[in-house]
Structure formats: C-alpha cells, structure tokens
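> quick one, fold the following:
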Amino acid sequence: YLIPPSISNDIEFLIFCCKGNFNETYHERLINSIYLDDDNFDFYRSSVEGSSVRNKIRLRWYGKNSYSNINLEVKSKNGVVGKKNIYKLPKVNTKLLTNSNYKKILNITNELEHDSSICFANLGMKLYVSYIRKYFLSFDEKYRITIDRNLKYSRLDYLQDMSDLVFTDDNSVILEIKYK
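The predicted structure is shown next:
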C-alpha cells in the first residue's frame, strides 16, 4: 500500500496497538538493491504483466557502507508457488561495480548459473534502489509488516561508473503486509 508520509507515524502506532500484537523485529536499516534484467526488460515486464511464471534477480546489501557483503537473490514464481534463493557473494566495494565487470567482481560462476538456473550472459545492472525499512512481526509469526521510506533510485543501464549515480528521490511510504 502507498501511504501518505504525513501519517506514517500514525500507522506505526496502529501496528503496535492492533490485536496481532506486533513487535519490531529488526532495527530500522538501509536496504540497497541492484536489479538485473536483459535489454528488453523481460523480468520487469513479466512482473508488471502479472505473468504466472516469472523471475526477479537482484544484488542486495544493507547499510551505508560501500564495502559490503552482497547477496544475489533469485526470486521465482510459478503459479501460486514462490521461492527465493539467496547466494552469498564476496565482500566488494559496490562503487566499483559496472555492467562490464559485475560478474567478474562478484565471482558469478558457471556453477552459480547452474545452481540458480539463470543465465547471466545477457543480464545487466538496470536499476539501483535504496530505502529505509522498518520490520514488524506478529507474536504468532503469521504476519509480517514492513514500512519503506526515503526511496531513492537510479537507472544503471547507461551508467559507466557507480560514482556517477543520479538519484531520483521519492517521498512515498510503502506499507507491505505478508502472511504465512
């Protein structure tokens, strides 16, 4: 849900007061993601079109430090069944990543391609997204709520160097509810 920034604190108050008895599960933290796709944006298009079979591939790390442990996350959906595989990658300086070197720097090998069932040959870094997230979990652990704010994003497909990022700031606040 997209919620007005002016009421985001009220929403957090309501989360703590509701019958689900929610607690904050992590400290608020900065999330950074780089989304991979082909030049036709096939992963993006299949998601927007609501295709029953689709993939989302991203590089993700946490915090402001540019020298970080990175995860490669491969999310796939086949009908109503979804899964997410997370592959730990080497610690690298994220500012050095480019479309021409990210596979080598992150040691994306044929073994990883085989294990993840994804061919990285035609994939490039397309979008950088960062935001601050708060996490809440119900006492029965059936419901998880996240609130994302301070969204920033930048296209990467024409970028030569990560130090050249030009961010678009978005004041939106996003509320997501997941359940088991």
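> contacts, neighbours, all on C-alpha from now
Noted.
> measure residue 27 to residue 119 for me?
35 Å (CA to CA, to the nearest Å).
> which residues does residue 45 contact?
Neighbour list for residue 45: empty [criterion: CA atoms under 8 Å, 6 or more residues apart in numbering].
> please disregard the earlier target; I meant residue 62.
Residues near residue 62 by CA under 8 Å, 6+ apart: 29, 30, 31, 32, 68.
> which other helices and strands contact the longest helix seen in the chain?
Using DSSP state H to define each element, the chain has its longest helix at helix 8-17. In this structure, helix 8-17 packs against strand 22-37, with contacts taken as 3 or more CA pairs under 8 Å, 6 or more residues apart in numbering; DSSP states H and E.
> can you list the strands that the strand it packs on pairs with?
strand 53-62 (antiparallel), strand 124-138 (antiparallel) (DSSP bridges).
> including distance to residue 147 and mean pLDDT, could these go into CSV?
Converted to CSV, those look like this (distance: least, CA to CA, whole Å; pLDDT from 0 to 100):
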stretch, distance to residue 147, mean pLDDT
strand 53-62, 16, 93
strand 124-138, 5, 94
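> residue 140 belongs to a strand?
No - per DSSP: H, G, I helix; E, B strand; the rest coil, residue 140 lies outside any strand segment and is coil.
> neighbours around residue 10, how many?
10 (other CA atoms under 10 Å).
> go on, residue 4?
Residue 4 has 11 nearby residues by other CA under 10 Å.
> ok, it touching residue 170?
No - contact criterion CA atoms under 8 Å: residue 4 and residue 170 do not qualify, at 11.8 Å.
> contacts only, for the residue positioned nearest the centre of the chain.
By CA atoms, centre = their mean, the mean C-alpha position of the chain lies nearest to residue 33, the distance being 4.7 Å. Contacts for residue 33 were tallied using CA under 8 Å, 6+ apart; they are 58, 59, 60, 61, 128, 129, 130.
> next one: the third one from residue 35, what distance?
According to CA to CA, residue 60 and residue 35 sit 9 Å apart.
> contacting residues for residue 142?
Taking CA under 8 Å, 6+ apart, one finds 179, 180 in contact with residue 142.
> what bridges to the residue nearest to residue 53 when sequence neighbours are not counted?
Computed as CA to CA, 6 or more residues apart in numbering, the closest residue to residue 53 that is not its neighbour in sequence is residue 78, at 4.5 Å. Beta-bridge pairing of residue 78, defined through DSSP bridges, involves residue 53, residue 81.
> would you say residue 95 is within a strand?
No - Residue 95 is assigned helix when assessed by three-state DSSP, not a strand.
> my guess is it meets residue 68, correct?
No - taking contacts as CA under 8 Å, residue 95 lies outside contact range of residue 68: 10.2 Å.
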